[in-house]
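Trainee: here are the coordinates; sequence isn't available:
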DNA sequence: CGCCGAGTTGAACTGAATCAAGAAACGTGG
DNA sequence: CCACGTTTCTTGATTCAGTTCAACTCGGCG
């Protein structure tokens, strides 16, 4: 494993919990390296999520399948955590798939190891707290956006905030992320372009 | 204040973090009692959320207003925590209102006090972690439901899981919670009833 | 009594889904 | 490196869930 990888995670931890290495050091050393080829799954529906992943390179889509259609919950890229977090927390089968959108390199921590850390070192709960808080905020922002904007507005927003993302991902992935079908995104693009 | 109220919070904490009073005792004693008349606001859009509330009696609606329409994010009742949690965490103005649906009694903890607790007692982060995790799960479940069910399915689901709620709340509140307009709920009820 | 907000009903409208068909891009194996 | 089959993308025609706007009813309350 590239030694720079742990440094990446350290830098991220520094950013969210501050300059107290003793708080995140045991946390960081509990991670293991794992790679996922493009289109492979970090987890499938029905499995119990055993890992929390920190993305080093690449990106993932979290989605569930309803009546044969993929419904994307979120996309995550380098320097973010991803997991079927509900399954990870509840130890129940995952309702979602997480799939690598590109060849993806991660550091991951097993559930068991994290739980032991929480139990053994009170201060490690701070990491877990900040993690859950961050995920909560992301979820809530997205829900507010879905309730207040049309598909076209969400698309324009995405173009403004993450233009690279629209270039790199297939239309069907972007459409699913926007909560619409590929045909609709196709029309929106035609509408918006000229 | 009714002394039973602290016991209520204690029982709840016991349920989520287990039988270690020393973990939640300093937490619980930091709460103060507060009442909200029906239709009053725990917080309004634009204000920074200063409290995390534990509901003793009554209930609340969390909503934002978009183009003059109320969009409900969640409803909470006795023995649950509520807050404009995104504002509480980020210290930025709240995007949402929280309004008492009935005369509502709460125990609330000020942001500052909770932060000091987090900083001074590592183990109190566990409470914060479990709280954020629980809120994350609720948000995610709701998002999955919105992406996979029609309004009628969501209504039938609510009837099955929370029939009392439909009785006690005005149609417009239930409609907003279901993500539709009162007219639409009216039609769905007619459709479903006979 | 009369008002006023809450709920219902109707008719027209709209954003997005659905179904179908064709064109373009992709990747896989020969 | 090309050929072939499979996805992916686009476009069109149609349908549908839910909105919008407007009118009307009902029940409580000053």
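Mentor: That came in fine, so what should we check first? Since this is a predicted model, take the numbers as computed values, not measurements.

Trainee: Run the contact check for the helix or strand harbouring residue A:61 versus DNA strand C.
Mentor: Per DSSP states H and E: residue A:61 is located in strand A:59-66. No - residues of strand A:59-66 contacting DNA strand C under CB under 7 Å from any atom of the strand: none, with a closest distance of 9.5 Å. C-beta: built from backbone N, CA, C; applies to glycine.

Trainee: does any bit of that strand sit next to DNA strand D?
Mentor: No - on the criterion CB under 7 Å from any atom of the strand, strand A:59-66 is out of touch with DNA strand D, staying 11.7 Å away.

Trainee: same check, this time on stretch A:89-105
Mentor: No - applying CB under 7 Å from any atom of the strand, one finds stretch A:89-105 out of contact with DNA strand D, separated by at least 10.9 Å.

Trainee: does that stretch come close to chain B?
Mentor: Yes - using CB under 8 Å from any CB of the partner chain, we find that stretch A:89-105 touches chain B at A:89-90, A:95.

Trainee: Of the residues you listed, which qualify as buried by neighbour count?
Mentor: Buried by 16 or more other CB atoms under 10 Å in any protein chain shown: A:89, A:95, out of the residues of stretch A:89-105 next to chain B.

Trainee: got CSV for the residues of stretch A:89-105 next to chain B, with secondary structure, distance to residue A:137 and pLDDT too?
Mentor: As requested, those are exported to CSV (DSSP: H, G, I helix; E, B strand; the rest coil; distance: CB to CB, whole Å; pLDDT from 0 to 100):
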residue, secondary structure, distance to residue A:137, pLDDT
A:89, helix, 17, 97
A:90, helix, 20, 97
A:95, coil, 21, 96
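
Trainee: Okay, now the unreliable bits of chain A?
Mentor: Within chain A, the stretches with pLDDT under 70 are A:1, A:19, A:21, A:23, A:194.

Trainee: residues from it in reach of DNA strand D?
Mentor: Counting by CB under 7 Å from any atom of the strand, chain A sits next to DNA strand D at A:170-172, A:182-183, A:185-187, A:189-190.

Trainee: residues touching the closest residue in space to residue A:101 that isn't next to it in sequence, list them.
Mentor: Excluding its sequence neighbours, the residue lying closest to residue A:101 (CB to CB, 6 or more residues apart in numbering or on different chains) is residue A:59, at 4.6 Å. If you count contacts by CB atoms under 8 Å, 6 or more residues apart in numbering or on different chains, residue A:59 has them with A:75-78, A:100-102, A:104.

Trainee: ditto for residue A:48
Mentor: A:87, A:91-94.

Trainee: Show me the longest helix that occurs in chain A.
Mentor: helix A:124-148 (DSSP state H).

Trainee: May I see the buried residues of that helix?
Mentor: Residues A:124-140, A:142-144, A:146-148 are the ones in helix A:124-148 that count as buried (16+ other CB under 10 Å).

Trainee: How about stretch A:3-20?
Mentor: Buried, per 16+ other CB under 10 Å, within stretch A:3-20: A:5-6, A:8-9, A:12-13, A:17.

Trainee: Report the distance from it to the chain centre.
Mentor: Remark: stretch A:3-20 is offset 18 Å from the chain centroid, using CA atoms, centre = their mean, to the nearest Å.

Trainee: Return only those of the buried residues of helix A:124-148 found close to chain B.
Mentor: Checking the buried residues of helix A:124-148 against chain B (CB under 8 Å from any CB), the matches are A:125-126, A:128-129, A:132-133, A:135-137, A:139-140, A:142-144, A:146-148.

Trainee: And chain A, what are its domain boundaries?
Mentor: Domain segmentation of chain A under automatic domain parsing yields A:4-148, A:149-194.

Trainee: before we move on, back to that, okay, the buried residues of stretch A:3-20 in a markdown table with distance to residue A:37 next?
Mentor: Output for the buried residues of stretch A:3-20, formatted as a markdown table (distance: CB to CB, whole Å):
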| residue | distance to residue A:37 |
| --- | --- |
| A:5 | 18 |
| A:6 | 23 |
| A:8 | 21 |
| A:9 | 22 |
| A:12 | 24 |
| A:13 | 27 |
| A:17 | 32 |
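
Trainee: For residue A:70, state which of those is nearest.
Mentor: residue A:12 (28.7 Å; CB to CB).

Trainee: What distance do you get for the closest one to DNA strand D?
Mentor: Distance of residue A:12 to DNA strand D, given as CB to the nearest atom of the strand, to the nearest Å: 31 Å.
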